[in-house]
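J.: from the sequence below, what's the structure:
(4 chains)
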Number of protein chains: 2
Amino acid sequence: MSGDALIQAQDRFIAVWGQMSGAWGISRTMAEVHALLYITGDALCTDDIMERLEISRGNASMSLRSLLDWGIVERAHKRGDRKEYFSAEQDVWALFRAIVRERIAREVDPLLASLHEIRDMTPTDRARRGEAIPEALRDAAEDHNKRLDNMMEFFQVLEKLGNRFVSPAGRGLQMAATLLSKIDVGGPRP
Amino acid sequence: MSGDALIQAQDRFIAVWGQMSGAWGISRTMAEVHALLYITGDALCTDDIMERLEISRGNASMSLRSLLDWGIVERAHKRGDRKEYFSAEQDVWALFRAIVRERIAREVDPLLASLHEIRDMTPTDRARRGEAIPEALRDAAEDHNKRLDNMMEFFQVLEKLGNRFVSPAGRGLQMAATLLSKIDVGGPRP
DNA sequence: ACTTACTTTCAGAATATTCTGAAAGATGAG
DNA sequence: CTCATCTTTCAGAATATTCTGAAAGTAAGT
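T.: Below you'll find the model as predicted:
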């Protein structure tokens, strides 16, 4: 018997993890590179990665750069070797925290900023500056603002929760999650 | 003054929500249709949507179908009208629950199934059936399996937590989240 | 300063996704 | 049953994303 089974299992993992790329909001190749680094546990250089995943140098370079930006892969150096090596975070919770952190920064924060702007666009707000407005229109605008407020409130909770989870003190939240998932609260019965 | 400001605010919201499409794992147009239904609060028919978003009939039809599949838009009927109307869930938390539910079903569950399969592919497991294996290889396989286990454990927690959140009993989790986000635990200082 | 070893960039090619519009498929009224 | 109205489907067009590979960039060694 040989190491084939291990290689095959790795390849399968890489493929599966690659399919999850959409869930994390990264490209397929990025996910595959990360999968390779994670599942082997090794620090690999660009050529290793190119060869194993059969991708171009450019693609490997860009994917690694993005993974570094996301903070889920690190540079490593081997003494007496000029090449750069790369290794993946091995703590799955830390990986998840990094992803949450980035996605809040890239998606939730800009969204909240935009929602604030939109909140300042409507007639009700202008009314306070003394303009007369037809009643029906003002009602519509008030409903509109209520809906915006509901959404903003939700994302503010999400953001705070995310930041809490991400922070050093946030390890407690991880434990809470683990614990919580073990307790049976009695949902709907089969 | 006119309703222009309201229309503009709606359009802006639709554009912004459309940009979040990636985050939810749905297409841009799906998100825009949902945004339109949510922010107006009205039940609209296909033609209303086509006109307002300047999209084709086919696109509108497919997007609406997908939104129905996701369970975040509902059919509605107006008496004396043969057309179908559509309206969006107005409770943001319910919307979020629906999305979590779908994404667990579409992404996490299949992933866990695959990870289980992969777990059964490696040499260590075969060793138990009496095959001899070089020591180094077995060690490598054991590390590999440990990494798989860590990942599986994480996603199992995630799945349980998600299902908890989604279930009727899960409203408690929403309150917990709201509360939790209000308490200052004292993270890193600026 | 030159060479060698490696990394990054980016225009164009390849691929994947999304959209259109017309045709086919429903459904209910008369 | 037939017409009128509304909905869905899907092949091909339009668009967006991702990948390649060669050229330009960077830096350590001599």
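J.: for the rest of this, base every contact and every neighbour count on C-alpha atoms.
T.: OK.
J.: worst-scoring helix or strand of chain A, pLDDT-wise?
T.: Within chain A, no helix or strand scores below helix A:123-127, which has a mean of 72 by mean pLDDT, DSSP states H and E.
J.: would you mark the buried spots in the following helix or strand past that one?
T.: With elements assigned by DSSP states H and E, the helix or strand that comes after helix A:123-127 is helix A:135-166. Applying a neighbour-count criterion of 16 or more other C-alpha atoms under 10 Å in any protein chain shown, one finds A:138, A:140-142, A:144-145, A:147-148, A:151-152, A:155-166 buried in helix A:135-166.
J.: what is helix A:135-166 packed up against?
T.: Counting contacts by 3 or more C-alpha pairs under 8 Å, 6 or more residues apart in numbering or on different chains; DSSP states H and E, helix A:135-166 is packed against helix A:92-103, helix A:109-119, helix A:123-127, helix A:171-182, helix B:28-40, helix B:92-103, helix B:171-182.
J.: tell me the contacts of residue A:97?
T.: Residues in contact with residue A:97 (C-alpha atoms under 8 Å, 6 or more residues apart in numbering or on different chains) are A:165, A:166.
J.: low-confidence ranges in chain A?
T.: Residues of chain A meeting the criterion pLDDT under 70: A:1-2, A:126-130, A:184-190.
J.: okay, how far is it across stretch A:75-90, tip to tip?
T.: End-to-end span of stretch A:75-90 (C-alpha to C-alpha, to the nearest Å): 14 Å.
J.: what residues does it touch?
T.: Applying C-alpha under 8 Å, 6+ apart, the contact partners of stretch A:75-90 are A:34, A:37-38, A:41-46, A:68, A:72-74, A:95, B:147.
J.: narrow those to just the buried residues.
T.: Buried residues within the contacts of stretch A:75-90, counting neighbours by 16+ other C-alpha under 10 Å: A:34, A:37-38, A:41, A:43-46, A:68, A:72-74, A:95, B:147.
J.: what's the closest of those to DNA strand C?
T.: Minimum distance to DNA strand C across the buried ones among the contacts of stretch A:75-90 is 5.1 Å, recorded for residue A:46 (C-alpha to the nearest atom of the strand).
J.: skip the chain neighbours and tell me the closest residue to that closest one.
T.: Nearest residue to residue A:46 in three dimensions, chain neighbours excluded: residue A:60, at 6.5 Å (C-alpha to C-alpha, 6 or more residues apart in numbering or on different chains).
J.: may I have the host helix or strand of that neighbour as CSV, with CA atoms only?
T.: Element membership for residue A:60, per DSSP H and E: helix A:57-70. C-alpha atoms of helix A:57-70 as CSV (Å, rounded to 0.1, in the frame of the first residue of the first chain):
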residue,chain,number,x,y,z
ARG,A,57,1.9,31.2,-11.8
GLY,A,58,-0.1,34.4,-12.1
ASN,A,59,-3.2,32.8,-10.6
ALA,A,60,-1.2,31.2,-7.8
SER,A,61,0.4,34.6,-7.0
MET,A,62,-2.8,36.5,-7.0
SER,A,63,-4.7,33.9,-5.0
LEU,A,64,-2.0,33.8,-2.3
ARG,A,65,-2.0,37.6,-2.2
SER,A,66,-5.7,37.6,-1.6
LEU,A,67,-5.5,34.9,1.1
LEU,A,68,-2.8,37.0,2.8
ASP,A,69,-5.1,40.0,2.6
TRP,A,70,-7.9,38.0,4.2
